[in-house]
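Chemist: curious how this folds, go ahead:
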Amino acid sequence: MGEAARAVSDLFEISWFTRGSDGSGDDLAVSEETLFEGGRAFVFAHRGVRGTSFRERTRFEPAEAAFDRVLRSVRPDVVHIHHWSWLSSGMAAAARAFGARVVLTLHDHVATCPRGRRYRPDDVVCETVVPETCAACVVPRWIEAVRNPDSKARAIVRALFGRSEDLRLLAERERRILDMLASADAIVFPSEDARRRCAERFGSLSDRMRVIPPVWKRPLSAPPRRPDGAVFRVGLLGDPAFAKGIVPAARAIAGCERPTSLDVWGEPSAHVAGVLSAAAPGHVRWRGRYTPDTLGDVMATLDAVVVPSLWPETFGIVAREAAAYGRPVIVSAIGGLADAVVRGVAVGVPPGDVHALRAAIDALPSGSDPIAVPSGVDAEWCEGRDGLRALYADLVVGGKTGA
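Modeler: The predicted structure is shown next:
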């Protein structure tokens, strides 16, 4: 979001409302003001000691009360909601009632999937939204029972009603999300695939939906040289979860023609680390955490980057970052990652296809020189910046936004 703010900071004064914690141990605290990314920031301290119930994951009244105070203090012309999880979907209606124009960017699939990925624990992509399937996958009645802030006894009694209670909670969730979407003047998606999946569920609002690629932090210096060592280093960056395709990636690496390692940058659980190491003994290197400020140093250790996700990611920023650093990139041709293939930013393979991924890795060139940064990287970034600036300008002068 910081880069998105910078993209329009010469046109508008920016204020932030975000979540955080002051660590005092209380459940909630009032918002506080500070400086962040060159603008005013209001931090809502959500400490999450008890966690939130299933209902509170869509509508959280303490967050709405804090947001109302910020609205009265800032008096914004445009409110752009990026991440409402752990805040409240009710912020959109509150901003609209205040008189602000509302932009809603859905960075994940949370509007149509309580898990946010459209991907089940049994490794199946949910191409369509079926409430009965969602109920079996999420079991919202037990989330409500365990974390209901009122009477836990009453919540447990409600939980005993079974699947009908799950379906009721899911229907209530969808109504709240529909209210949020209907309160937005423009609903923005990182990719056409993400827009399509949401429009299939909320087609009555499709005229408000548009695609604007995210604005991310591009490298300021020339791409670093590649290692040119005895072992070909393939990087896997970010959350090392099974849905990210880490096991197929490890198996592909283990069978490569030249000596190849999978360098994992992230913090896996002990279970994930064990499974991955067993899938490719001697080929996995755990490199630890990295930050945006150290990304250039990370890329300098890698020959290539893979993003082998099994779920339909809405964008895939790691693929774009790696390409901007002159690293060849291989992605699963699914979701927003497929856009990277179409734009020439990455090579695409079918998700979960070990043999196709291995063949693509074997076909990558060795050597220390970075590859030329694909023109699609800059073109997509400029499309995002210009699209965001045009949208804000349109809203401020009162133009009606649409598809």
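
Chemist: C-alpha only now, for contacts and for neighbours.
Modeler: Will do.

Chemist: residue ranges in this structure under the pLDDT threshold?
Modeler: For the chain, the stretches with pLDDT under 70 are 1, 21-38, 46-52, 142-162, 398-403.

Chemist: strands of that one, start to end?
Modeler: Remark: strands assigned in the chain by DSSP state E are 15-20, 32-36, 39-45, 78-81, 101-105, 186-189, 209-211, 232-237, 260-265, 284-288, 304-307, 329-332, 347-349.

Chemist: tell me the domain boundaries of this structure?
Modeler: Per the record, the chain has its domains at 2-211, 232-375, by automatic domain parsing.

Chemist: now render those as TSV, adding mean neighbour count and distance to Leu220.
Modeler: Below are those laid out as TSV (neighbours: other CA atoms under 10 Å; distance: least, CA to CA, whole Å):
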stretch	mean neighbour count	distance to Leu220
domain 2-211	18	13
domain 232-375	20	10
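
Chemist: what's the closest of those domains to Pro223?
Modeler: Pro223 sits nearest to domain 232-375 of all those, at 4.6 Å, using CA to CA.

Chemist: start to end distance for the closest one?
Modeler: In domain 232-375, first residue to last residue: 25 Å (CA to CA, to the nearest Å).

Chemist: would you tell me which helix is longest in the chain?
Modeler: Criterion DSSP state H: the longest helix present in the chain is helix 375-396.

Chemist: mind listing what's buried in it?
Modeler: When neighbours are counted by 16 or more other CA atoms under 10 Å, the buried residues of helix 375-396 are found to be 376-377, 380-389, 391-393, 395.

Chemist: which one of the residues you listed sits closest to Ala323?
Modeler: Looking across the buried residues of helix 375-396 and measuring by CA to CA, the closest to Ala323 is Val377, at 7.2 Å.

Chemist: save the strands of the chain as JSON lines, and put in distance to Ala65 too.
Modeler: Formatted as JSON lines, those follow (distance: least, CA to CA, whole Å):
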{"stretch": "strand 15-20", "distance to Ala65": "12"}
{"stretch": "strand 32-36", "distance to Ala65": "13"}
{"stretch": "strand 39-45", "distance to Ala65": "10"}
{"stretch": "strand 78-81", "distance to Ala65": "16"}
{"stretch": "strand 101-105", "distance to Ala65": "18"}
{"stretch": "strand 186-189", "distance to Ala65": "24"}
{"stretch": "strand 209-211", "distance to Ala65": "28"}
{"stretch": "strand 232-237", "distance to Ala65": "37"}
{"stretch": "strand 260-265", "distance to Ala65": "39"}
{"stretch": "strand 284-288", "distance to Ala65": "39"}
{"stretch": "strand 304-307", "distance to Ala65": "40"}
{"stretch": "strand 329-332", "distance to Ala65": "42"}
{"stretch": "strand 347-349", "distance to Ala65": "46"}
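
Chemist: out of those, nearest to Leu87?
Modeler: Across the strands of the chain, the minimum distance to Leu87, taken as CA to CA, is reached by strand 15-20, at 7.0 Å.

Chemist: name the nearest residue to Val188, ignoring sequence neighbours.
Modeler: Of all residues not flanking Val188 in the chain, Thr105 sits nearest, at 4.5 Å (CA to CA, 6 or more residues apart in numbering).

Chemist: check contacts around the closest residue in space to Arg118 that isn't next to it in sequence.
Modeler: Leaving aside its chain neighbours, Arg118 sits nearest to Cys126 (5.0 Å; criterion: CA to CA, 6+ apart). By CA atoms under 8 Å, 6 or more residues apart in numbering, the residues touching Cys126 are Arg118, Tyr119, Arg120.

Chemist: was I right about the first one contacting Glu313?
Modeler: Spelled out, that is Arg118. No - applying CA atoms under 8 Å, one finds Arg118 not in contact with Glu313, separated by 9.1 Å.

Chemist: between those two, what contacts are shared?
Modeler: Both Arg118 and Glu313 lack any common contact, where contact means CA under 8 Å, 6+ apart.

Chemist: tell me where the stretch 201-350 of the chain has helices.
Modeler: Using DSSP state H, counting those that start in this stretch, the helices of the stretch 201-350 of the chain run over 246-254, 270-279, 295-299, 317-324, 337-342.

Chemist: residues in contact with the third one?
Modeler: The set of residues that contact helix 295-299 without belonging to it, under CA under 8 Å, 6+ apart, is Pro219, Pro224, Arg226, Tyr290, Ala322, Tyr325, Arg327.

Chemist: burial count for Ala222?
Modeler: When neighbours are counted by other CA atoms under 10 Å, Ala222 registers 12.

Chemist: quick one: contacts for it?
Modeler: Ala222 touches Tyr325, counting by CA under 8 Å, 6+ apart.

Chemist: let's see 7 Å
Modeler: Neighbouring residues of Ala222 by CA atoms under 7 Å, 6 or more residues apart in numbering: there are none.

Chemist: so how far is Met299 from it?
Modeler: 12 Å.

Chemist: what about Leu220, how many neighbours?
Modeler: 8.

Chemist: revised request: answer the last question for Pro223.
Modeler: Counted with other CA under 10 Å, Pro223 comes out at 21.

Chemist: which residue is the nearest non-sequential neighbour of Arg163?
Modeler: Closest residue to Arg163 apart from its sequence neighbours, by CA to CA, 6+ apart: Ala135 at 7.0 Å.

Chemist: what residues are up against that neighbour?
Modeler: Counted by CA under 7 Å, 6+ apart, Ala135 has contacts Arg163, Asp166, Leu167.

Chemist: same question, Arg118
Modeler: Applying CA under 7 Å, 6+ apart, the residues contacting Arg118 are His109, Val125, Cys126, Trp311.

Chemist: could you rerun that using 8 Å?
Modeler: His109, Thr112, Val125, Cys126, Glu127, Trp311, Pro312.

Chemist: of all those, which comes closest to Glu174?
Modeler: Thr112 (7.9 Å).

Chemist: pretty sure the closest one contacts Val129?
Modeler: Yes - using CA under 8 Å, Thr112 is in contact with Val129, at 7.0 Å.

Chemist: name the residues contacting each of these two.
Modeler: Shared contacts of Thr112 and Val129, counting by CA under 8 Å, 6+ apart, come down to Arg201.

Chemist: so the spatially closest residue to Ala230 that is not a sequence neighbour versus Ala243, what's the distance?
Modeler: The shortest distance from Ala230 to any non-neighbouring residue, by CA to CA, 6+ apart, is to Pro259 (7.3 Å). With distances taken as CA to CA, Pro259 is found 26 Å from Ala243.

Chemist: perfect, I'm done here.
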